[in-house]
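> Sequence and predicted model, in that order:
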Amino acid sequence: MKRIFLILAFSAMAMCGLVSCEKEMMDYEGEASLYFDVRWYVSHINQKYWPHRDWSEATFGNMEQNDTTYNFKIAVTGYPADHDREFTVVATDTTNAVEGRDFTIENTKCVIKAGESYTYLKVTAHRSEQMLNDTLLLQLKIVPSDELTLMFTDFKDAPVIPSGYSTYNDNPFYFPGTDVKSVNHNAAFHSLWLYDVPIKPAGWYGTEIGGIFGKFTAKKWRLLMEITGTSIADFASQTTMPSARAQALGETFGKYLLDMAASEETCIVDEDGTMMWVNYIDTNGGTRKWSQTTTPYGYYNK
């Protein structure tokens with residue numbers, strides 16, 4: 001319901017606030033001013049009215065590849081010029097990711113070609129061991145030139161985090177893995193967060209209160225893939241993981257968990273100390289079943 005409300009809210013924004021901001025930035029006829037033109041994806045709204053986003057993320061925990069490339073759009077206001085216009089982009093002192101190890105910027109010296117009003121900054125993020133224990137940050141900053149200025153200090157249309165939202169699934173504009181959201185709406189900056197901690201994939205059927213797979217944890221997901229012979233790509237969407245397939249995987253995994261629970265020494269314990277659970281255990285476990293909140297102590301000493 002929250003997701004539906006958020007979508008409706010952005011529809012309203014697209015018809016008013018976003019339009020005015022788009023006109024202010026794109027149709028500005030004064031000095032030529034640069035800004036990051038990276039947008040939030042809103043499928044039912046014309047792309048030119050998508051709200052700006054001041055951060056992106058490299059979620060290696062949900063990727064099979066070790067490198068992923070981003071092309072960040074940088075635009076300039078005013079009319080196209082009849083000559084090439086150059087500027088640079090740098091990593092700020094706020095950056096704790098290490099160039100070469102965690103990321104590579106292909107073209108720090110950027111050019112907006114004659115007759116054009118935008119270019120792309122190519123950045124490749126690399127998986128590193130440091131991302132397993134920490135969330136790293138690459139903060140990019142546009143450096144103005146004699147010909148190209150920086151005048152937009154606030155996107156204005158960047159989405160505000162509504163109160164009451166606390167998880168990535170509830171709110172797609174929440175940065176997962178931390179309570180710190182990017183609030184730097186200065187159009188000269190763009191942040192790329194890098195981490196290697198899995199987040200709940202779109203093809204996961206389950207929540208804290210039930211569902212085929214139950215609550216999501218990285219430990220459960222990795223073990224589920226190992227036991228069922230599936231991969232990260234299989235859980236990318238509910239198209240690659242339809243409910244019937246998820247049900248079959250839940251049955252295979254549930255039987256495995258029941259077998260392992262034959263003794264306290266071999267039972268599978270989840271990240272929070274409870275016995276790992278899927279719905280099959282509840283529906284087919286009989287006298288051996290347990291709930292999502294059952295601990296090994298409570299199960300073997302009842």
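Received, thanks. Values in this document were obtained by computation on a predicted structure and should not be read as measured data.
> Settle this for me: residue 282 is touching residue 291, isn't it.
Yes: shown here, residue 282 and residue 291 form a contact pair, counting by Cβ atoms under 8 Å, at 7.1 Å. Quick note: C-beta positions are derived from backbone N, CA and C, even for glycine.
> what are the ranges of the helices in the stretch 101-250 of the chain?
218-228, 243-260 (DSSP state H, counting those that start in this stretch).
> And for the helix or strand following the longest one, what's in contact with it?
Put plainly, it is helix 243-260. Moving toward the C-terminus from helix 243-260, the next helix or strand (DSSP states H and E) is helix 279-284. With contacts defined as Cβ atoms under 8 Å, 6 or more residues apart in numbering, helix 279-284 is touched by 206, 210-214, 250-251, 253-255, 257-258, 288-291.
> again, only this time at 10 Å
Applying Cβ atoms under 10 Å, 6 or more residues apart in numbering, the contact partners of helix 279-284 are 205-206, 210-214, 246-247, 249-258, 261, 275, 288-292, 294.
> Can you name the element that comes right after that helix?
Later in the chain than helix 279-284, the nearest helix or strand by DSSP H and E is helix 296-300.
> Output that next one as PDB, nothing but the C-alphas.
The C-alpha trace of helix 296-300 is given here as PDB (Å, rounded to 0.1, in the frame of the first residue of the first chain):
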ATOM      1  CA  PRO A 296      17.300 -24.200  19.200                       C
ATOM      2  CA  TYR A 297      17.100 -24.100  23.000                       C
ATOM      3  CA  GLY A 298      13.300 -23.700  22.900                       C
ATOM      4  CA  TYR A 299      12.900 -26.400  20.300                       C
ATOM      5  CA  TYR A 300      15.100 -29.100  21.900                       C
END
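> Return the set of buried residues in it.
296, 299 (16 or more other Cβ atoms under 10 Å).
> would you list the helices of the stretch 101-250 of the chain in a markdown table and tack on mean pLDDT and distance to residue 32?
Formatted as a markdown table, the helices of the stretch 101-250 of the chain follow (pLDDT from 0 to 100; distance: least, Cβ to Cβ, whole Å):
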| stretch | mean pLDDT | distance to residue 32 |
| --- | --- | --- |
| helix 218-228 | 96 | 47 |
| helix 243-260 | 98 | 52 |
